[in-house]
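S.K.: turn this into a structure:
(one chain, ligands or ions: 1)
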Amino acid sequence: MKKKILCVVGARPNFTKIAPIMQAISEHSKKLEAYLLHTGQHYDEAMKHSFFEQLNIPEPDEDLEVGSGSHAEQTAEVMKRFEPVLDREQPAAVLVVGDVNSTIACGLVASKKQIPLIHVESGLRSYDRAMPEEINRVLTDQISDLLFTTEKSALDNLLREGIDKNRVVFVGNVMIDTLLKNLENAVPMEQTLASVEGAEQVLNKSFALITMHRPSNVDDKETLTSLIDTLSELSSQLPMVFPVHPRTKMKIEEFGLMDEVTNNNILLLPPLGYLHLLGLMKNAKVVLTDSGGIQEETTALGIPCITLRENTERPVTVSEGTNTIVGSDPIKVKAAFDDVMSSGGKAGRTPELWDGNAAVRIVEYLDAWVE
Ligand code: UD1
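M.R.: Predicted coordinates:
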């Protein structure tokens with residue numbers, strides 16, 4: 001009989017990581033069967049359902065429906081609701097991905113119950129404890145029994161934190177598995193923008209893609225205002241498309257910035273499904289973002305990325321990829337943007353093992369690892 005591995009997802013960036021793992025377990029594993037649990041951290045149509053459909057993720061076996069809340073509320077609620085599931089399902093292991101609140105919440109419950117914990121995308125560090133994800137990453141790695149990494153820098157970080165190197169396995173990047181598999185299925189941008197007013201300013205033209213949702217950029221009025229000022233100034237040189245995360249939309253409205261952001265050559269969209277965003281990303285001249293995943297996806301696609309953060313936990317995107325870290329300082333944002341406009345921006349190469357087969361490597365390793 002196959003052993004049950006309980007796979008956890010909670011928020012948007014988890015979905016792109018779990019998709020190839022679910023597929024590899026079902027197609028390649030001789031020893032494991034997956035039980036998929038969604039915590040319900042992200043629940044909107046745009047933030048959840050379209051991802052499951054587009055990435056062929058099976059319907060979760062269970063949805064904890066925790067929804068939004070403060071970090072403590074959300075984390076605690078996931079923990080409370082997850083414990084009885086573990087008692088009932090008795091999985092051979094729990095697998096968590098990434099660094100969201102659902103990752104640490106479920107990891108903590110599993111580890112206290114002495115159920116082996118597997119962390120996919122471990123060892124990434126921004127060394128910035130003001131980022132909630134950094135705390136989630138450090139703590140999840142500390143309690144994990146098996147740690148799969150996406151880039152080589154991760155091992156050094158983990159060793160520094162006293163983690164036994166025998167638990168760490170470099171497998172590559174599952175999110176790039178998803179990217180490569182879906183590149184041809186990306187929704188053409190003409191279709192995504194079909195009924196959007198003002199779409200002609202970017203169709204068949206050069207444009208920049210913007211995504212922004214980090215609390216450090218959007219929660220503070222001064223920082224968000226300055227970023228929007230900079231973007232709207234730059235949009236006179238290159239039109240921009242900006243799918244807006246719910247958190248960002250709320251803050252733009254709260255700070256009275258809606259007029260400024262819609263007044264210029266910036267096309268505002270609701271959050272997009274994976275294949276819709278991919279259709280825009282692969283055609284963009286440059287991407288300005290504070291997302292972790294998009295820094296990696298642009299590197300894999302060879303598209304210049306200007307990262308609106310002071311640091312990155314994914315340094316290979318800078319050392320080998322197309323990523324430039326600029327923070328929110330208008331001067332640095334403009335300098336990186338000018339470089340794209342004048343010389344096409346930074347070129348890069350694909351990092352080691354970002355080849356589309358990371359999930360299969362994970363499953364092969366797990367088959368040998370489970371007793
Ligand atoms: C979370 C992750 C972040 C990830 C991001 C991707 C943590 C700590 N952060 O941040 O790492 O990059 O997801 O999107 O886990 N909301 C909705 N609909 C939804 C979900 C959220 O409207 O389906 C709104 C709510 O107002 C909520 C806010 O967005 O309060 C923030 O959601 P939350 O899950 O707390 O964190 P994110 O900012 O999405």
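
S.K.: what about Leu353, distance to Asp156?
M.R.: Between Leu353 and Asp156 the computed distance is 17 Å (Cβ to Cβ, to the nearest Å). Glycine gets a C-beta too; all of them are placed from N, C-alpha and C.

S.K.: more crowded one of the two?
M.R.: Neighbours per residue (other Cβ atoms under 10 Å) separate Leu353 from Asp156, with Leu353 holding more: 18 against 11.

S.K.: now the more buried one. Nearest residue, chain neighbours left out?
M.R.: Closest residue to Leu353 apart from its sequence neighbours, by Cβ to Cβ, 6 or more residues apart in numbering: Gly172 at 3.1 Å.

S.K.: burial measure for the one you found, as a count.
M.R.: So Gly172, with other Cβ under 10 Å, has 23 neighbours.

S.K.: what residues are up against it?
M.R.: Gly172 is in contact with 150, 352-355, 357-358, 361, counting by Cβ atoms under 8 Å, 6 or more residues apart in numbering.

S.K.: change it to 10 Å
M.R.: 148-151, 351-362 (Cβ atoms under 10 Å, 6 or more residues apart in numbering).

S.K.: would you agree Cys106 is in contact with Leu37?
M.R.: Yes: with contacts counted by Cβ atoms under 10 Å, Cys106 reaches Leu37, the gap being 7.6 Å.

S.K.: those two: which is more packed in?
M.R.: Remark: of Cys106 and Leu37, Cys106 carries more neighbours, 31 against 26, as counted by other Cβ under 10 Å.

S.K.: need the contact list for the more buried one.
M.R.: Counting by Cβ under 10 Å, 6+ apart, Cys106 makes contact with 6-10, 37, 39, 64, 75, 78-79, 81-83, 85-86, 94-96, 117, 140.

S.K.: let's see that with 8 Å instead.
M.R.: For Cys106, the contact set (Cβ under 8 Å, 6+ apart) comprises 8, 10, 37, 39, 78-79, 82, 94, 96.

S.K.: what is the nearest of the residues you listed to Ala208?
M.R.: Nearest to Ala208 out of the contacts of Cys106 is Gly10 (Cβ to Cβ; 29.8 Å).

S.K.: tally up the residues packed near that closest one, please.
M.R.: By other Cβ under 10 Å, the residues close to Gly10 number 27.

S.K.: over to Pro270?
M.R.: The local packing of Pro270 (other Cβ under 10 Å) involves 13 other residues.

S.K.: next up, the contacts around the closest residue to the ligand within the stretch 101-250 of the chain.
M.R.: Nearest residue of the stretch 101-250 of the chain to the ligand (Cβ to the nearest ligand atom) works out as Pro246 at 3.3 Å. Contacts were defined as Cβ under 8 Å, 6+ apart; by that measure Pro246 touches 44, 47, 271.

S.K.: Ser126 too?
M.R.: By Cβ under 8 Å, 6+ apart, the contact list for Ser126 reads 133-134, 309, 311-313.

S.K.: among these, which are in reach of the ligand?
M.R.: Restricting the contacts of Ser126 to those near the ligand by Cβ under 6 Å from any ligand atom leaves Glu133.

S.K.: among the contacts of Ser126, who's most crowded?
M.R.: Of all the contacts of Ser126, Glu313 has the most neighbours under the rule other Cβ under 10 Å, reaching 24 neighbours.

S.K.: thinking that residue is in contact with Arg137, fair?
M.R.: Yes: under the contact definition of Cβ atoms under 8 Å, Glu313 touches Arg137, with a separation of 7.1 Å.

S.K.: can you list residues touching both of those two?
M.R.: Here Glu313 and Arg137 have 124-125 as joint contacts, going by Cβ under 8 Å, 6+ apart.

S.K.: and the nearest residue to Leu257 once chain neighbours are set aside, what element?
M.R.: With sequence-adjacent residues excluded and distances taken as Cβ to Cβ, 6+ apart, Leu257 is closest to Ile228, at 5.2 Å. Assessed by DSSP states H and E, Ile228 sits inside helix 221-234.

S.K.: would Thr178 count as being in a strand?
M.R.: No: counting by DSSP: H, G, I helix; E, B strand; the rest coil, Thr178 is not found in a strand; it is helix.

S.K.: which residues are in contact with it?
M.R.: Residues counted as contacts of Thr178 (Cβ under 8 Å, 6+ apart) are 16-17, 19-20, 55, 274.

S.K.: what do you get for Ile143?
M.R.: Counted by Cβ under 8 Å, 6+ apart, Ile143 has contacts 107-108, 111, 117.

S.K.: what is the most widely separated pair among these?
M.R.: Between any two of those, the greatest separation by Cβ to Cβ is 9.0 Å, found for Leu108 and Leu117.

S.K.: next to the ligand in this structure, residues from the protein, please.
M.R.: Neighbours of the ligand within the chain, by Cβ under 6 Å from any ligand atom: 11-13, 41-44, 47, 68, 100-101, 132-133, 213, 245-247, 250.

S.K.: related to what we said a few turns ago, and Leu108 and Leu117? which has more neighbours close in?
M.R.: Between Leu108 and Leu117, Leu117 has the larger neighbour count (other Cβ under 10 Å), namely 23 against 18.

S.K.: confirm that Leu95 sits in a strand.
M.R.: Yes: Leu95 forms part of a strand when assessed by three-state DSSP.

S.K.: thinking it is in contact with Lys4, fair?
M.R.: No: Leu95 sits out of contact with Lys4 when judged by Cβ under 8 Å, with a separation of 10.9 Å.

S.K.: who has more neighbours, these two?
M.R.: Taking other Cβ under 10 Å, Leu95 and Lys4 do not tie; Leu95 has more neighbours (27 against 17).

S.K.: next up, the contacts around the closest residue to that one other than its chain neighbours.
M.R.: Nearest non-adjacent residue to Leu95, counting by Cβ to Cβ, 6+ apart: Ile118, 4.4 Å away. Contact analysis of Ile118 by Cβ under 8 Å, 6+ apart lists 5, 93-96, 144-148, 366.
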